[in-house]
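J.: build me a model:
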Amino acid sequence: MLNISSNKINKEFNQDQFESLRYVNSLSSGRIFKRLMFFFIGLGLLFMFLPWTQNIRAEGGVTTLKPDQRPQTIHTIIGGRIEKWFVQEGDYVNKGDTILFISEIKDEYFDTNLLGRTMEQVKSKEFAVKSYMEKVKSLDNRIDALTQTGKLKLEQTKNKLKQAELKILSDSIDYKAAAISFKIANDQYKRLQHLYEDGLKSLTDLENRKNKMQEAQSKMISAENKLLTTRNELINAQVELTSIQAQYRDDIAKAESEKYSAMSNMYDAEAVVTKLQNQHSNYSFRSNLYYIKAPQNGYITKAIQVGLGETIKEGASIVSIMPSEYSLAVELYVNPIDLPLVEKGQEVRIQFDGWPAIVFSGWPNTSYGTYGGKVFAIDNFIGDNGKFRVLVQPDTTDYNWPKALRVGGGTNNMMLLKEVPVWYEIWRRVNGFPPDFYTKEKQLLGSKRERK
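T.: Residues are numbered from 1 along each chain as shown. The predicted structure follows:
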């Protein structure tokens, strides 16, 4: 009894007959209680100075490091009709194995001999190209022949022109000589006529001289006529030279025009050949797309298109496949306020869904069932969920991750930060301060200062 009331009753009955009162009034129970209180208070104070590892908690999931190792869907490049399945869900396929066969649904590809007929068109156009090439060669030979013949003809006409000029020179000399002979004969005739009138010469001599004068005059007129004819021949040679130049120029220009027309037709035919060859390649490539094949080794997880005879569109998803070989990683999402505390190579403790674990966030070394990881990459842009994505790869110095992990499983992650006393962590949380920001460089500088 506490005996705090003014009306005390402890003397009115015997307290020893009640065991609880005897225990309360015992002096040893009070000492034991005090000792227990001091022990727990000391234990609490000691606990306040224990090391506490600051950390960032974040949820995430299992993924792969390389994009080509993640689950993917196989699409069809062309539209078609499902004809036959070669796999079922859960089957393992190697790269290049046939998954599905589809048939054509476009009428422009219904021809069963489409490739053969297209190749025949290609060969026909190739023959047309060769024909135009031969025509171009023949026109080139014709142009060369016309050019050579024109040169020879021009040389011949020039020689003829030169001959006419020389002949004019010769005829002009003959004409001058004949004119001089006529003048001399005329003078002699006049002198002989005076002598005849004076009676010194006979009429016969006068008539003989007159006959010689007329012969000289006839020769002069003949030489003059020959000179005029030669001059006319020179003019004709000049006209012929101009005519030959124009004629061969026109013939060469016509042959070149035909050549360029043949070349244009040849280029058009070559363009058609190239187009047909491209079309043939497209048809050949399209025929290989009827068989949808596995892009890599993996397991068929789900058939998105089902049944036979169904029509699928271009780019439609056919099946989903999971690669057989992959390097696991964990993608987790941190708040923007925690992003400056994350850096590459930082240690992370991971708890996988489905694996039992006992987690002490402040004492990661005493946690059970968690696995180690290191930050591999940090996104530079924020995601749709308002957080930044961080990729974590396995820590090779820690326990190996479970082999039964599958891509898409959930994780609970702790990114380890600085070690601080428990009282500091409680004080930080009560005041709402963020974890201490530190880097490896700062740690090294701090350790050097401590050594000094």
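
J.: rest of the way, CA atoms for contacts and neighbours
T.: Fine.

J.: show me where the stretch 301-450 of the chain has helices.
T.: Along the stretch 301-450 of the chain, counting by DSSP state H, counting those that start in this stretch, helices occupy 422-431, 440-451.

J.: compare the mean pLDDT across those and name the weakest.
T.: In terms of average pLDDT, helix 440-451 trails the rest of the helices of the stretch 301-450 of the chain, at a mean of 50.

J.: need the pLDDT of D16.
T.: As predicted, D16 sits at a pLDDT of 65.

J.: for V273, same thing?
T.: According to the prediction, V273 has pLDDT 90.

J.: got it, and A145?
T.: At A145, pLDDT is 88.

J.: backbone dihedrals for it, please?
T.: The phi and psi values for A145, taken as degrees, to the nearest 10, are phi -60, psi -40.

J.: next: I82.
T.: Dihedral angles for I82 - degrees, to the nearest 10 - are phi -70, psi 120.

J.: now it, nearest residue through space, not along the chain?
T.: Counting by CA to CA, 6 or more residues apart in numbering, I102 is the residue found nearest to I82 once chain neighbours are left out, at 4.6 Å.

J.: spit out the contact partners of the one you found.
T.: Residues counted as contacts of I102 (CA atoms under 8 Å, 6 or more residues apart in numbering) are 80-84, 290-292.

J.: secondary structure element for it?
T.: Per DSSP states H and E, I102 falls inside strand 98-103.

J.: returning to what we had before: distance check, the residue nearest to I82 against S287.
T.: I102 is 10 Å from S287, where distance means CA to CA, to the nearest Å.

J.: the strand or helix carrying A237 vs strand 98-103, what angle?
T.: Per DSSP H and E, A237 falls inside helix 203-288. On the basis of axes from the mean of the first three to the mean of the last three CA atoms, to 10 degrees, helix 203-288 is oriented at 120 degrees to strand 98-103.

J.: coming back round to it: closest one of the contacts of I102 to I56?
T.: Distance to I56 across the contacts of I102 (CA to CA) is lowest for I292, with 46.2 Å.

J.: what number of residues lie near that closest one?
T.: By other CA atoms under 10 Å, the residues close to I292 number 21.

J.: run through the bridge partners of it.
T.: Following DSSP bridges, I292 is listed with bridge partners L100.

J.: doesn't I78 make contact with it?
T.: No: with contacts counted by CA atoms under 8 Å, I292 stays clear of I78, the gap being 10.1 Å.

J.: show me where the protein has its strands.
T.: Counting by DSSP state E, the chain has strands at residues 51-64, 72-75, 80-85, 92-93, 98-103, 291-293, 298-303, 311-312, 317-323, 328-334, 347-352, 371-378, 388-394, 410-421.

J.: partner strands of the second one and their direction?
T.: Using DSSP bridges, the strands paired with strand 72-75 are strand 317-323 (antiparallel).

J.: average pLDDT for the strand it pairs with?
T.: 91.

J.: may I see the buried residues of stretch 144-154?
T.: 146-147, 150, 153-154 (16 or more other CA atoms under 10 Å).

J.: just stretch 278-294 next, same as before
T.: Buried, per 16+ other CA under 10 Å, within stretch 278-294: 279-280, 283, 289-294.

J.: roughly how far does G307 sit from F388?
T.: Per CA to CA, G307 is found 42 Å from F388.

J.: what do you get for T229?
T.: Distance from T229 to F388, by CA to CA: 110 Å.

J.: neighbour-wise, which of these two wins?
T.: A count of neighbours by other CA under 10 Å puts F388 above the other of T229 and F388, at 19 against 15.

J.: shouldn't the more buried one be in contact with V334?
T.: Yes: between F388 and V334 there is a contact at 5.4 Å, judged by CA under 8 Å.

J.: most remote residue from the protein's center?
T.: Centroid-distance maximum for the chain: G199 at 124.3 Å, with CA atoms, centre = their mean.

J.: show me the chain divided up by domain.
T.: 53-68+326-420, 71-104+290-323, 114-288 (automatic domain parsing).

J.: could you dump the ones you listed to JSON lines with distance to R35?
T.: Listed next are the domains of the chain as JSON lines, based on distance: least, CA to CA, whole Å:
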{"stretch": "domain 53-68+326-420", "distance to R35": "29"}
{"stretch": "domain 71-104+290-323", "distance to R35": "63"}
{"stretch": "domain 114-288", "distance to R35": "88"}
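
J.: closest to L36 out of those domains?
T.: Of the domains of the chain, the one closest to L36 (CA to CA) turns out to be domain 53-68+326-420, at 26.9 Å.

J.: please name the residues that touch the closest residue to E343 other than its chain neighbours.
T.: Spatially, and ignoring its direct neighbours in sequence, E343 is nearest to V375 (6.9 Å; CA to CA, 6+ apart). Neighbour list for V375: 343-348, 390-393 [criterion: CA under 8 Å, 6+ apart].

J.: A58 too?
T.: Taking CA under 8 Å, 6+ apart, we find A58 in contact with 332-334, 412-414.

J.: 6 Å instead, please
T.: N413 (CA atoms under 6 Å, 6 or more residues apart in numbering).

J.: same deal with the one 4 residues further on?
T.: Residues in contact with V62 (CA under 6 Å, 6+ apart) are 329-330, 407-409.

J.: could you rerun that using 8 Å?
T.: Applying CA under 8 Å, 6+ apart, we find V62 in contact with 328-331, 405-411.

J.: who's the nearest residue to it once chain neighbours are set aside bridged to?
T.: The shortest distance from V62 to any non-neighbouring residue, by CA to CA, 6+ apart, is to V330 (4.6 Å). Listed by DSSP bridges, the beta-bridge partners for V330 are V62, V392.

J.: neighbours of V330, just the number please.
T.: Counted with other CA under 10 Å, V330 comes out at 29.

J.: does it touch D395 like I think?
T.: No: the pair V330 / D395 is not scored as a contact, 11.6 Å apart, by CA under 8 Å.
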